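Student: Everything below, folded, please.
(chains A and B)
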Amino acid sequence: MDDFLVRAVLAGCGVALVCGVLGVFVVWRRMAYFGDTVSHAALLGVVVGVVSGIQANLAVLLVSVVVSFALLALSRRRAWTPDTLLGILAHGSLALGLVILSMVETARIDLLALLFGDILSVTTRDVAVVWIGAVLVLGLAAALWRPLLAISVHEELARVEGVRVALVESALMLMIAAVIAIAMKIVGILLITSLLVIPAATARRFSRGPEQMALFAVLCGAVAVFGGLAGSWQWNTPAGPSIVVAALALFIVSGMMRAPASA
Amino acid sequence: MQLSADEPLLSLNGVTLARGGRTLLENVDVSVAPGRIVTIIGPNGAGKTTLVRVMLGLEKPDRGRVERARGLTVGYMPQRLVVPMHMPLNVERFIRLGGNVDRPALRDVAVEVGVAHLLTRPMQALSGGEHQRVMLCRALVRDPGLLVLDEPVQGVDVGGQAALYQLISRIRQRRGCAVVMVSHDLHLVMASTDEVLCLNRHVCCAGTPDSVSQHSEFLALFGPEVYRSMAPYTHHHDHRHTMHGDVVEQQDG
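Tutor: Numbers count the residues shown, from 1 in each chain, chains lettered A, B, ... in the order given. Take a look at the predicted model:
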């Protein structure tokens, strides 16, 4: 197997790992559109990186975190409903990113790769970034596992039971921002949310507990990475979208199968 | 947990709270003594849930003081809890989300509230009554000194409602914990509470069920026919308060 394909598989599996574990929370807490908004803002992050000279992943992480907390603060004020806020911030930040990008025009930026990913060109350094990021995010998720579950069921009950809800919620948003920063290169900012949502949704039917659902989501994501890369190799299709199509196919096929009893 | 008998577990003094230009609570005083059952009743929009939220520390009052006994553990049963549809979670895991409990202790509480046979059942597959008992179980595994129940019989059929109130009475007797509950079904509550707090943004009247049910503000809120219709019901229960005679602490409203 060629080296670039090995790196692609390694990076893809790292992304499937974090996306599976965090994706279940995105599904439970109905954060799909939130993830979408933060990933749209990631383009602005790339531009900020280019303009300021901050390393790209770091710049994306920074901007994603800022946008996440802006969303949280604005939705607490209840001046607008969350979906309106998300719509404004998602497309506002994407458009702003594109406009600034056209003005700086150093022309070294491959817009298509940003939007749809370029997994076949990942470097060894990219693979390292993915796995270091994945280990950090998973460590935090594991440490906060029960509080994360508790606030996903009922925030106020969790608070009465001693969970520091605001802190745990912030940690979750930080983790999602980190996932977007590390997954951007793999599937692109327009498709990241699909790797959070589709494998988790596929896993639901077969899971009897929250941990099992996270594990199955990781497996579904990994299968989609292999399937997508194989398809891309076979038919010369773009790799990022092929991975998402593979995830989608898995979701549809599993949906047609009979659900296991009392799952 | 050591708590002296005369110190209240929880006391609110002059609590006033407004949100969005509307006064939800005005100068409310409440005191909950150890082992007592206090029921908050009142019409819709009277601020019952807001008051409970202040008691729990979920909402900060604009004015007034909230004092809790030191080391007090609170078990809370919220008015509405829906486990996300796509979260696979069985009853035992749900109960465990409330804190670390060992298996035998959890089983004992599950038996006490009658949910031991449900432990492996998905949360989404419970009836209204089962759901409420499971939430009660989660509140009790913390071994609370104070149980706060916001409309505990919501979604429970009529037969089950009386049974649930009786269960709450038994729990108090066995454990000696105090109970604060919100209710609007006067009939059933009167028989199983020590104190009633009639709330309509301010405290209309408070005291024993007997005294409150004859209070002019209570009658103005709920009408005398409520009291009359209550009487035959309370006779069905083996309770400690007589509805006739024995009138105590008639307060000035």
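Student: Check the secondary structure at A:Leu72 for me.
Tutor: Of the three states, A:Leu72 takes helix under DSSP: H, G, I helix; E, B strand; the rest coil.
Student: ok but B:Ala206 is inside a helix, no?
Tutor: No - looking at B:Ala206 with three-state DSSP, it is strand, so not inside a helix.
Student: What's the local residue count around it?
Tutor: 22 (other CB atoms under 10 Å in any protein chain shown). C-beta: built from backbone N, CA, C; applies to glycine.
Student: Now it: closest residue in space that isn't a chain neighbour?
Tutor: Spatial nearest neighbour of B:Ala206, excluding adjacent residues (CB to CB, 6 or more residues apart in numbering or on different chains): B:Leu197 at 4.6 Å.
Student: Is it correct that that neighbour falls within a strand?
Tutor: Yes - applying three-state DSSP, one finds B:Leu197 inside a strand.
Student: for the chain, what spans make up the helices?
Tutor: Chain wasn't specified; assuming chain A. A:3-28, A:32-52, A:56-77, A:82-104, A:111-116, A:124-143, A:145-153, A:155-160, A:165-187, A:192-204, A:210-235, A:239-256 (DSSP state H).
Student: my bad, the chain I had in mind was chain B
Tutor: B:48-56, B:91-96, B:103-113, B:128-140, B:158-175, B:186-190, B:209-213, B:216-222, B:224-236.
Student: show me the contacts for residue 164.
Tutor: I'll assume chain A. A:Pro147 (CB atoms under 8 Å, 6 or more residues apart in numbering or on different chains).
Student: let's do chain B instead
Tutor: B:129, B:132-133, B:152-153, B:156.
Student: most tightly surrounded among the helices of chain A?
Tutor: helix A:192-204 (a mean of 27; mean count of other CB atoms under 10 Å in any protein chain shown).
Student: Next to chain B, which bits of the stretch 51-200 of chain A? Give me the list.
Tutor: Contacts of the stretch 51-200 of chain A with chain B, taken as CB under 8 Å from any CB of the partner chain, map to A:146, A:149-150, A:152-154, A:156-162.
Student: still on that earlier bit, tell me how far the residue nearest to B:Ala206 lies from chain A.
Tutor: 20 Å (CB to the nearest CB, to the nearest Å).
Student: Without its sequence neighbours, what residue ends up closest to the residue most central in space within chain B?
Tutor: For chain B, the residue nearest the mean C-alpha position is B:Met181 (1.3 Å; CA atoms, centre = their mean). Among residues not flanking B:Met181 along the chain, B:Leu149 sits closest, at 4.1 Å (CB to CB, 6+ apart).
Student: The one you found pairs with what?
Tutor: Beta bridges link B:Leu149 to B:Met77, B:Met181, judged by DSSP bridges.
Student: Now for it: which residues touch it?
Tutor: B:77, B:136, B:139, B:168, B:179-182.
Student: Looking at the residues you listed, which one is closest to A:Ile132?
Tutor: Here the nearest of the contacts of B:Leu149 to A:Ile132, counting by CB to CB, is B:Ala139; it sits at 41.9 Å.
Student: which non-adjacent residue is nearest that closest one?
Tutor: B:Gly75 (3.2 Å).
Student: Which per-residue confidence value corresponds to the one you found?
Tutor: Predicted confidence (pLDDT) for B:Gly75: 96.
Student: Now do the contacts for it.
Tutor: B:138-140, B:142, B:144, B:146-148, B:177.
Student: Reformat those as TSV; add pLDDT and neighbour count.
Tutor: Listed next are the contacts of B:Gly75 as TSV, based on pLDDT from 0 to 100; neighbours: other CB atoms under 10 Å in any protein chain shown:
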residue	pLDDT	neighbour count
B:Arg138	96	28
B:Ala139	96	28
B:Leu140	96	23
B:Arg142	92	19
B:Pro144	95	20
B:Leu146	96	26
B:Leu147	96	25
B:Val148	97	24
B:Cys177	95	23
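Student: tell me which of those is nearest to B:Thr16?
Tutor: Of those, the one sitting nearest to B:Thr16 (CB to CB) turns out to be B:Val148, at 20.6 Å.
Student: Okay, B:Pro61 and B:Val30: tell me how far apart.
Tutor: 12 Å (CB to CB, to the nearest Å).
Student: Quick check: neighbours shared by those two?
Tutor: B:12, B:15.
Student: hmm, back to that, closest to chain A out of the contacts of B:Gly75?
Tutor: Nearest to chain A out of the contacts of B:Gly75 is B:Arg142 (CB to the nearest CB; 7.1 Å).
Student: which residues sit in contact with the residue lying closest to A:Phe216 once chain neighbours are set aside?
Tutor: Using CB to CB, 6+ apart and skipping the chain neighbours, the partner closest in space to A:Phe216 is A:Ala203 (3.5 Å). For A:Ala203, the contact set (CB under 8 Å, 6+ apart) comprises A:20, A:24, A:212-217, A:219-220.
Student: any idea how far B:Arg103 is from A:Glu161?
Tutor: In terms of CB to CB, A:Glu161 sits 19 Å off from B:Arg103.
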